[in-house]
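Undergrad: Starting from these lines, generate the structure:
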Amino acid sequence: MPASLAQWLTSAYVLTMGIVAISTPYLIGKYDIRNLFINCLSIFIVGCIISYFSPNFFILLLSRVLEAVGAGVIFTLTLIVMVYIFTKNSHAKALGYLGLVIGLAPCIGPTLAGYIVDYSSWRKIFLLLAFICLIVIVLANKYVYNLNKKYSVRMDFTSVLSLGFSVY
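TA: Residues are numbered from 1 along each chain as shown. Modelled structure (predicted):
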């Protein structure tokens, strides 16, 4: 795959994630956190499976967008839930640990992906991600609970799109 096509995949993923991440507070106000988390992980898994079996670039691009929808909500949802469950005195410590985990991903991910591509197929990356997400869904069914923080909020789609595009 040429580098220009890989750049399309990355750009579509990050752009979609930026748009979806901004809409997460609206989704948290409307849906249970546990169901939102599990459904977004399921969306991500479906995207991984479609990516694994994608017959052409267009299907691969669409599957990466689907993955970004799930990942964008989960990323922001995690940050918001951390603020809800920890006291104000513990926010910096908790978000620092989360930042450490999120910051390590770009360091470990390319190295691991390089090994997978060298010794197998690039499609196996998506299979590994789907398997890890399945484990997380099983654990989420047991350990994730609702915060009961329902509130009424309206979605301003113009702001979501304009801010989402500016994040990228």
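
Undergrad: in this structure, what residue sits furthest out from the centroid?
TA: Distance to the chain centre peaks in the chain at N89, reaching 27.5 Å (criterion: Cα atoms, centre = their mean).

Undergrad: and that one, what pLDDT?
TA: As predicted, N89 sits at a pLDDT of 91.

Undergrad: Return the residues in contact with the residue nearest to the spatial centre of the chain.
TA: For the chain, the residue nearest the mean C-alpha position is A71 (1.0 Å; Cα atoms, centre = their mean). When the contact criterion is Cβ atoms under 8 Å, 6 or more residues apart in numbering, the partners of A71 are M17, C40, F44. From N, CA and C alone the C-beta is placed, and that goes for glycine too.

Undergrad: do that again at 10 Å, thanks
TA: By Cβ atoms under 10 Å, 6 or more residues apart in numbering, A71 lies in contact with 13, 16-17, 20-21, 40-41, 43-44, 47, 64, 129, 133.

Undergrad: Now these in JSON lines, please, with extra columns for pLDDT and secondary structure.
TA: Formatted as JSON lines, the contacts of A71 follow (pLDDT from 0 to 100; DSSP: H, G, I helix; E, B strand; the rest coil):
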{"residue": "Y13", "pLDDT": "89", "secondary structure": "helix"}
{"residue": "T16", "pLDDT": "89", "secondary structure": "helix"}
{"residue": "M17", "pLDDT": "88", "secondary structure": "helix"}
{"residue": "V20", "pLDDT": "88", "secondary structure": "helix"}
{"residue": "A21", "pLDDT": "86", "secondary structure": "helix"}
{"residue": "C40", "pLDDT": "95", "secondary structure": "helix"}
{"residue": "L41", "pLDDT": "95", "secondary structure": "helix"}
{"residue": "I43", "pLDDT": "96", "secondary structure": "helix"}
{"residue": "F44", "pLDDT": "96", "secondary structure": "helix"}
{"residue": "G47", "pLDDT": "96", "secondary structure": "helix"}
{"residue": "R64", "pLDDT": "94", "secondary structure": "helix"}
{"residue": "L129", "pLDDT": "92", "secondary structure": "helix"}
{"residue": "C133", "pLDDT": "95", "secondary structure": "helix"}
